[in-house]
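Enquirer: any chance you can model this:
(2 chains)
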Amino acid sequence: MTDSKYFTTTKKGEIFELKAELNSDKKEKKKEAVKKVIASMTVGKDVSALFPDVVNCMQTDNLELKKLVYLYLMNYAKSQPDMAIMAVNTFVKDCEDPNPLIRALAVRTMGCIRVDKITEYLCEPLRKCLKDEDPYVRKTAAVCVAKLHDINAQLVEDQGFLDTLKDLISDSNPMVVANAVAALSEIAESHPSSNLLDLNPQSINKLLTALNECTEWGQIFILDCLANYTPKDDREAQSICERVTPRLSHANSAVVLSAVKVLMKFMEMLSKDLDYYGTLLKKLAPPLVTLLSAEPELQYVALRNINLIVQKRPEILKHEMKVFFVKYNDPIYVKLEKLDIMIRLASQANIAQVLAELKEYATEVDVDFVRKAVRAIGRCAIKVEQSAERCVSTLLDLIQTKVNYVVQEAIVVIKDIFRKYPNKYESVIATLCENLDSLDEPEARAAMIWIVGEYAERIDNADELLEGFLEGFHDESTQVQLQLLTAIVKLFLKKPTETQELVQQVLSLATQDSDNPDLRDRGYIYWRLLSTDPVAAKEVVLAEKPLISEETDLIEPTLLDELICYIGTLASVYHKPPSAFVEGGRGVVHKSLPPRTASSESTESPETAPAGAPPGEQPDVIPAQGDLLGDLLNLDLGPPVSSPPLATTSVQMGAVDLLGGGLDSLIGGPNFVAPPAATVPASLGAPIGGGLSDLFDLTSGVGTLSGSYVAPKAVWLPAMKAKGLEILGTFTRQVGSISMDLQLTNKALQVMTDFAIQFNRNSFGLAPAAPLQVHAPLSPNQTVEISLPLNTVGSVMKMEPLNNLQVAVKNNIDVFYFSTLYPLHILFVEDGKMDRQMFLATWKDIPNENEAQFQIRDCPLNAEAVSSKLQSSNIFTIAKRNVEGQDMLYQSLKLTNGIWVLAELRIQPGNPSFTLSLKCRAPEVSQHVYQAYETILKN
Amino acid sequence: MIHSLFLINSSGDIFLEKHWKSVVSRSVCDYFFEAQERATEAENVPPVIPTPHHYLLSVYRHKIFFVAVIQTEVPPLFVIEFLHRVVDTFQDYFGVCSEPVIKDNVVVVYEVLEEMLDNGFPLATESNILKELIKPPTILRTVVNTITGSTNVGDQLPTGQLSVVPWRRTGVKYTNNEAYFDVIEEIDAIIDKSGSTVTAEIQGVIDACVKLTGMPDLTLSFMNPRLLDDVSFHPCVRFKRWESERILSFIPPDGNFRLLSYHVSAQNLVAIPVYVKHNISFRDSSSLGRFEITVGPKQTMGKTIEGVMVTSQMPKGVLNMSLTPSQGTHTFDPVTKMLSWDVGKINPQKLPSLKGTMSLQAGASKPDENPTINLQFKIQQLAISGLKVNRLDMYGEKYKPFKGIKYMTKAGKFQVRT
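Expert: Down below sits the predicted model:
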């Protein structure tokens, strides 16, 4: 006899029959009837009509019957609140039962009945149970507080249950402690502002003691709670780590991962020189590897987390490449994750193995996986330079298989390899051209066309090939059309004689027959370029392209740090902070890694996000998830993923990425177009002919033509010290040239002539680009203003301070020496806008020690104004992200000597103090860059 | 925490639902069905599925999807581990975990689930404790219950619930006191075309069956504990003792349990006990392909390899195969293209082989992918990593228990690429 008998029905009607049985006098029959009711309930049948009859069975000594009735009550009380009241008396009585099992059961069930009238009666019994002598009852009551809070938060607070719950953290029984922590964490999650889990060294100690003794689930709650604590110094961090490490050997993978979270977070506080730091790193690898031998679902979650860990601390798993090798019967979601991690771990040491594996995967059955594998080969080539050659030959082998989708993927990645290593592997072009006809996907076609255009001079029949594509121009996708347009223009510039007809054809197709504004505008600009100044056109179209960066989909560093705090949670699976997806923005607490230095005041305290902060907008994660190389070249249309906010008043005319192939850095900003008929916006003011490249430079700030900030002239050389010669001066930077503006006054009684100037060697090699020209002799009391052009090709010597410049000025009277400090922003060059992928990679690459943080006070500007102001001084905003109402600007600038400085500027609306973090390979410039920021922003 | 649980069979019917908080409409499972449709195979359904208001976390075991619904940020591993625990508990209670069995025992299932979670927080997940709270159904008990009117719900607080050793109940009594330990190692390996090892690792476990009276305190020591540098222990093992002396010291749970699992990584040299010689070739012109594989012993430390089973997923283009095995039986399913060959024991003097031809679709080009060969085998009385138990001692009780240790090596995910 099994429970399936409960599902059989008779003709009379199930409910009717059950009713009769429930009201039977025989205990046994009653119990059987209740079981039938429960069975119906579990499969979703509505048996709520039997409510009064079932509740009548509640008064019984039979524990099983009691439990069954409770099960029924929990399910249906909400729909029958008035009837449910009938049960209250029994509950209250049961809470006083001598058997702790019954006391606990009663308090547990009452908490599950979500009816207001019942909760009122619950308070007294609950208060007793929280102080019950039996720990089993106490731990059940702790959870009940969380239940009650969910139903009526105000009631819980008014009744003081929260304080009782906090007291339970110091309970003698570890199970009670664990449940109290769990309940408090759940309540805290719905009330981020309430400072419920107020952790201090004493309570931490109690938690750590309970950690060793409670159940596996309790350990998870406690570890997750510990992860929210910020130790006061590195010694405390180490001692907590030491007590948490044994959890890494737990059989429950959730315990392991929660322990990993605590360790990863607290490790941040430990000095890398510490022996313990190294030991800890070593201890982290084996448990992570072990997680990969578990069930596939566990593997998936583990892999998503390992992906984060590998980005944060690659050293942990660098020797464990092989465990990520794909087994052919792994589920697809595991395969793709493993592949991603393999590429992250790829290095010169293991690249041979990785490539052999990837080649193997490329012959698998699953098309999606094969494609990803082929792309991965390309990523390896770009990441590990030494392997590029092998990668290319592997890709060629794959092309020889002639499997259609393999060939197409291979061509897409070979294009990227060409971008990274120009003029190195062009020998393979012939093989690629053989496969031209089999390409039917837009991305592959566009890639092939790009290759043909880029290397037109080496492909004898490039014109024929491109002409072939041109035949079906209107049927192609926009991506291919744009690429074809650019390629033919390139071809024309390289072989003007034979291809004039072709270029005219494509321009007319693009401008006259197309409805697509991007295509049309790009067509017009080429047309205009070619017709006005072919030389300039050549300079622009065939300009050297910036190299592509190595790692394409790194997670933004601040986001990564935040995600490390969420290891093991849903956030870590989605690689998004909880604020991006937690329902209604409730429970959003912004977490961050603890700062390294033991005593420094952290500028943001991790646990005190502004109460009632608006639900954070979905942050704009820079790298597009999932797409390995998709936007590497910005091949597709549409505005760049999120264009930096350019607060200029210029005409936004739409054409983005004018020249395709990633040339946009040359253009500087997405706002320029010059159709043949249209007039150039007057504010540009530059002549079109002959000056097109200037034009492009200017587009970065049409409204703010004036160039960077110029300080008022200051006295550099007082007349007293120079026998009557007074020199005032300042530095300016305008449209790429630096000059020193001087004002010479003759305060002596004799005429001054024969002026000359010389600079001592200085940090950035500043030197006069022309002799100091004072045309007429300077008579007494006469003043002359001179602008002396400077260059940066002089000899270099490090000065103290860095921006010190020693100058010698000579005239017919004597030689005078003075020194002055130049503002660093005159050295910020116009092409200081870094590619966003590159930015991420570089930011990550520069060691943390090089990061410097500054406060800019009393600056009332908003983010838009700030970025436009900085842009006019060649500090470029690469991305903007909104986190918890704060604007984060990611900026780059380049000095004349090629030093890149990366900046993160945090602006809180309404707060005039900004936080500026600077990262640079030469940390000594940071201080001066900060001063430049101050100067620019405050003037 | 965990809000609700739905059990769904492979044809997409929800056959059980349990809610630990308020009721979540079963329509939430529509998102799961969508994902299920997108995935070609049941195994490929992603384990985490977001929906507008909830998250669905699922595991697929015994042809049943166990779908948990959560609403707030909950560690997904926590949920997935719990779901696996549910499956294990069902298996423990009913012998097998299948749809008909769950339906047959629906009330017990419901009672058990209620005990496992409270408000979504795990309550009792140790099967020892659960079995004291809700007695598993047996034929005898059903009969007795019907006659005497007693119940299968315990009315005493399980002793283990709050003690320092929650995994063991007090007052255990046996007439024959015995403790058996099985050291079982599985080799996961990928072997490439030429027969060299791409990656190989060993997943080992020590499963115990301990039936001892009272509160015995056991210690287990190894000849070569250095092999065990990556281990996960049952909570009963005293970690400090292991750290300092490399000795397993523990008060065992009663009955069957997994004492420890370990991992011998690819960095240590892993002995590969078998080799496969294969010659699978398709020709462009002909519609016939040649197929030949031979299996032989390699590093077996003198032990016999048994239970050898070869399976391989042949390419789609293969219509049929005509093969002759030198021993054992073989089948080829022309629909799923699955070839399996039950070899049995390997006799080193006469190596088993399977030879013949494959008929391919006429006119089709030769298949792009090469079949991968999956191998299963068993070797008794050998732990391939070389792990050996030194001695087992018992303290705390006076009687002399009967002790036994068994070793076994098996193939885990053992794949040979061709």
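Enquirer: tell me the residue of the stretch 401-550 of chain A that sits nearest chain B?
Expert: Relative to chain B, the nearest point of the stretch 401-550 of chain A is A:V403 (5.2 Å; CB to the nearest CB). C-betas here are computed from N, CA, C, even on glycine.
Enquirer: count of residues packed around that residue?
Expert: Neighbourhood size, A:V403 [other CB atoms under 10 Å in any protein chain shown]: 21.
Enquirer: roughly how far out does the biggest helix by length in chain B sit from the chain middle?
Expert: What stands out as the longest helix in chain B, according to DSSP state H, is helix B:76-94. Relative to its chain's centre, helix B:76-94 lies at 12 Å (CA atoms, centre = their mean, to the nearest Å).
Enquirer: residues contacting the closest residue to chain A within the stretch 201-350 of chain B?
Expert: The minimum distance from the stretch 201-350 of chain B to chain A, using CB to the nearest CB, falls at B:D230 (3.5 Å). Neighbouring residues of B:D230 by CB atoms under 8 Å, 6 or more residues apart in numbering or on different chains: A:P286, A:P287, A:V289, A:T290, B:Y262, B:H263, B:V264, B:S265.
Enquirer: in the host helix or strand of the fifth one, which residues are buried?
Expert: The secondary structure element spanning B:Y262 is strand B:255-264 (assigned by DSSP states H and E). Residues of strand B:255-264 classed as buried under the neighbour-count rule (16 or more other CB atoms under 10 Å in any protein chain shown) are B:F257, B:R258, B:L259, B:L260, B:S261, B:Y262, B:H263, B:V264.
Enquirer: for the closest residue to B:I190 other than its chain neighbours, what are its contacts?
Expert: For B:I190, ignoring the flanking residues on the chain, the nearest one in space by CB to CB, 6 or more residues apart in numbering or on different chains is B:V198 at 4.2 Å. By CB under 8 Å, 6+ apart, B:V198 lies in contact with A:K322, A:F325, A:Q353, A:A356, A:E357, B:A189, B:I190, B:I191, B:D192, B:R417.
Enquirer: quick one, which of those are buried?
Expert: Using 16+ other CB under 10 Å, the buried ones in the contacts of B:V198 are A:K322, A:F325, A:Q353, A:E357, B:A189, B:I190, B:I191, B:D192, B:R417.
Enquirer: got TSV for those residues, with distance to A:A447 and pLDDT too?
Expert: Output for these, formatted as TSV (distance: CB to CB, whole Å; pLDDT from 0 to 100):
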residue	distance to A:A447	pLDDT
A:K322	32	85
A:F325	29	90
A:Q353	28	87
A:E357	25	88
B:A189	38	89
B:I190	32	88
B:I191	36	89
B:D192	31	86
B:R417	30	87
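Enquirer: got the contact list for stretch A:260-273?
Expert: For stretch A:260-273, using CB under 8 Å, 6+ apart, the contacting residues are A:223-224, A:226-227, A:231, A:233-234, A:237-238, A:240-241, A:244-245, A:248, A:276-277, A:280, A:284, A:287-288, A:305, A:309, A:312-313, A:564-568, A:593-596, A:598.
Enquirer: filter these down to the buried ones.
Expert: Buried members of the contacts of stretch A:260-273, scored by 16+ other CB under 10 Å, are A:223-224, A:226-227, A:231, A:234, A:237-238, A:240-241, A:244-245, A:248, A:277, A:280, A:284, A:287-288, A:305, A:309, A:312-313, A:564-568, A:593-595.
Enquirer: among these, which are within reach of chain B?
Expert: Near chain B, taking CB under 8 Å from any CB of the partner chain as the test, the members of the buried ones among the contacts of stretch A:260-273 found are A:D224, A:P287, A:G568.
Enquirer: model confidence at the last one, what's the number?
Expert: Just to be clear, that refers to A:G568. Listed pLDDT for A:G568 reads 86.
Enquirer: quick check: closest non-adjacent residue to it.
Expert: A:L257 (4.1 Å).
Enquirer: surely that neighbour touches A:R304?
Expert: No - if you go by CB atoms under 8 Å, A:L257 and A:R304 don't touch, sitting 10.5 Å apart.
Enquirer: so which of those two has more stuff around it?
Expert: Of the pair A:L257 and A:R304, A:L257 is the one with more neighbours under other CB under 10 Å, namely 31 against 22.
Enquirer: list the contacts of that one.
Expert: Contacts of A:L257 by CB under 8 Å, 6+ apart are A:L291, A:V301, A:A302, A:N305, A:I567, A:G568, B:P75, B:L77.
Enquirer: biggest separation within those, which pair?
Expert: Comparing all pairs in the contacts of A:L257 by CB to CB, the longest separation belongs to A:L291 and B:P75, at 13.1 Å.
Enquirer: looking at those two, which one has more neighbours?
Expert: Shown here are A:L291 and B:P75; by other CB under 10 Å, B:P75 has more neighbours (26 against 23).
Enquirer: which pLDDT value goes with the more buried one?
Expert: For B:P75, the predicted pLDDT is 88.
Enquirer: and if you look at B:G386?
Expert: Reported pLDDT for B:G386: 86.
Enquirer: ok so it is a strand residue?
Expert: No - secondary structure of B:G386 (DSSP: H, G, I helix; E, B strand; the rest coil): coil, not part of a strand.
Enquirer: report the separation between it and A:L355.
Expert: Using CB to CB, to the nearest Å, we find B:G386 at a distance of 33 Å from A:L355.
Enquirer: what about those two, which has more around it?
Expert: A:L355 (21 against 15).
Enquirer: hang on, isn't the more buried one packed against A:T394?
Expert: Yes - assessed by CB under 8 Å, A:L355 is found in contact with A:T394 at 5.8 Å.
Enquirer: return every residue with contacts to both of those two.
Expert: Taking CB under 8 Å, 6+ apart as the contact criterion, the residues that touch both A:L355 and A:T394 are A:I377.
Enquirer: what about A:N461, neighbour count?
Expert: A:N461: 11 neighbours (other CB under 10 Å).
Enquirer: for it, give me phi and psi.
Expert: A:N461 adopts backbone torsions of phi -100, psi 30, taken as degrees, to the nearest 10.
Enquirer: okay, it: pLDDT?
Expert: 82.
Enquirer: what pLDDT, on average, does stretch A:382-401 get?
Expert: Rounded mean pLDDT across stretch A:382-401 is 86.
Enquirer: can you tell if it touches chain B?
Expert: Yes - using CB under 8 Å from any CB, stretch A:382-401 reaches chain B at A:T401.
Enquirer: could you list the buried residues of that stretch?
Expert: Residues of stretch A:382-401 classed as buried: A:382-384, A:387-388, A:390-392, A:394-396, A:398-399 (neighbour count, 16+ other CB under 10 Å).
Enquirer: low-confidence stretches in the stretch 101-250 of chain B?
Expert: For the stretch 101-250 of chain B, applying pLDDT under 70 flags the ranges B:138-166.
Enquirer: and A:P125, how far from A:D150?
Expert: Applying CB to CB to A:P125 and A:D150 gives a distance of 18 Å.
Enquirer: interface residues of the stretch 201-350 of chain B facing chain A?
Expert: Counting by CB under 8 Å from any CB, the stretch 201-350 of chain B sits next to chain A at B:201, B:203, B:229-235, B:239-240, B:243, B:258, B:261, B:263, B:265-267, B:315.
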